[in-house]
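>>> sequence plus predicted model, see below.
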Amino acid sequence: MREVTVIEDPAAAEVSLAPIRARLLAELAEPASAAMLAPRVGLPRQKINYHLRALERHGLVELYGERRKGNVTERLLRATAASYVISPLALPDVQPDPARGRDQLSARWLLALAARLVRDVGTLVTRAARARKPVATFALDGEVRFASAAERAAFVRELAEATRGLVERYHDGDAAGGRAHRIVLAVHPEVTKTAEDAAREEEAAARG
């Protein structure tokens, strides 16, 4: 089982988004048969088999083994990955394009950059898995609490200047055999409320 699988095929994305099939993928972190899954999700075995065939057809689950149970041979299936990410390539005609409306202070532009990151890294991961090679990447995740908007603005300026200096220092456009790498930096507020809490607050504000 892979740690993560990137779904690029639109049909596979559609299959994975059906609530019952998403539930089956979660249940199949450990091998199970349709008969074993039926009581867990509250559906007849025949319907479970129907959904499992759809998932298997799109490579989201795989045959783990078989076992005899009385006069019946049960197929044990397992999810092909511990988690799944849907690439913007699954919606090629409407995927965000960072080339449109470049604005460093726009949350929508940040979202377009994040979508491209998922798309590009997802493609690299998929190709590397096929070639059985690692992908050379680096990621940094952290948290900073700003005392004021002015402090946040100053931090962003320094971060941009430091990054620009590093790029100028190490970038070599004429390097024979060199490979271009993309750098994405983001600063955004941390999500601290659940969707339910946010909805309740919006409803209360609307009522006045």
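Received the coordinates, thanks.

>>> so which residues of the chain form helices?
Ranges of helices in the chain, per DSSP state H, are 10-17, 19-27, 34-41, 45-57, 107-131, 149-170, 195-207.

>>> ok, P96 - how many residues close by?
For P96, the count of nearby residues is 18 (other CB atoms under 10 Å). Every residue, glycine included, has its C-beta placed from N, CA and C.

>>> excluding its backbone neighbours, what's nearest it?
A112 (3.6 Å; CB to CB, 6 or more residues apart in numbering).

>>> ok, E30 touching A82?
No: counting by CB atoms under 8 Å, E30 does not reach A82; the two are 10.9 Å apart.

>>> which residue comes closest to R102 once chain neighbours are left out?
W109 (6.3 Å).

>>> and the one you found, how far from D103?
Between W109 and D103 the distance is 5 Å, computed by CB to CB, to the nearest Å.

>>> so for these two, which residue has more residues nearby?
Comparing W109 with D103 by other CB under 10 Å, the one with more neighbours is W109, at 16 against 10.

>>> redo the helices of the chain as CSV? Include mean pLDDT and distance to M1.
Below are the helices of the chain laid out as CSV (pLDDT from 0 to 100; distance: least, CB to CB, whole Å):
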stretch, mean pLDDT, distance to M1
helix 10-17, 94, 16
helix 19-27, 95, 11
helix 34-41, 94, 17
helix 45-57, 95, 14
helix 107-131, 92, 12
helix 149-170, 96, 37
helix 195-207, 82, 30
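
>>> export those helices to CSV and append columns for distance to E74.
Shown next, in CSV, are these (distance: least, CB to CB, whole Å):
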stretch, distance to E74
helix 10-17, 23
helix 19-27, 15
helix 34-41, 6
helix 45-57, 10
helix 107-131, 29
helix 149-170, 56
helix 195-207, 39
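
>>> so which of those helices is nearest G142?
helix 149-170 (11.6 Å; CB to CB).

>>> domains in this protein, by residue range?
With domains defined by automatic domain parsing, the chain comprises 2-85, 92-137.

>>> now the terminal residues of the longest one, how far apart.
In other words, domain 2-85. By CA to CA, to the nearest Å, the extent of domain 2-85 from end to end equals 12 Å.

>>> do the shortest one as well
Between the opening and closing residues of domain 92-137 lies a distance of 25 Å (CA to CA).

>>> for it, the distance to its chain's centre please.
Centroid displacement of domain 92-137 relative to its chain, using CA atoms, centre = their mean, to the nearest Å, is 11 Å.

>>> next one: the longest one
Per CA atoms, centre = their mean, the displacement of domain 2-85 from the mean C-alpha position of its chain is 19 Å.
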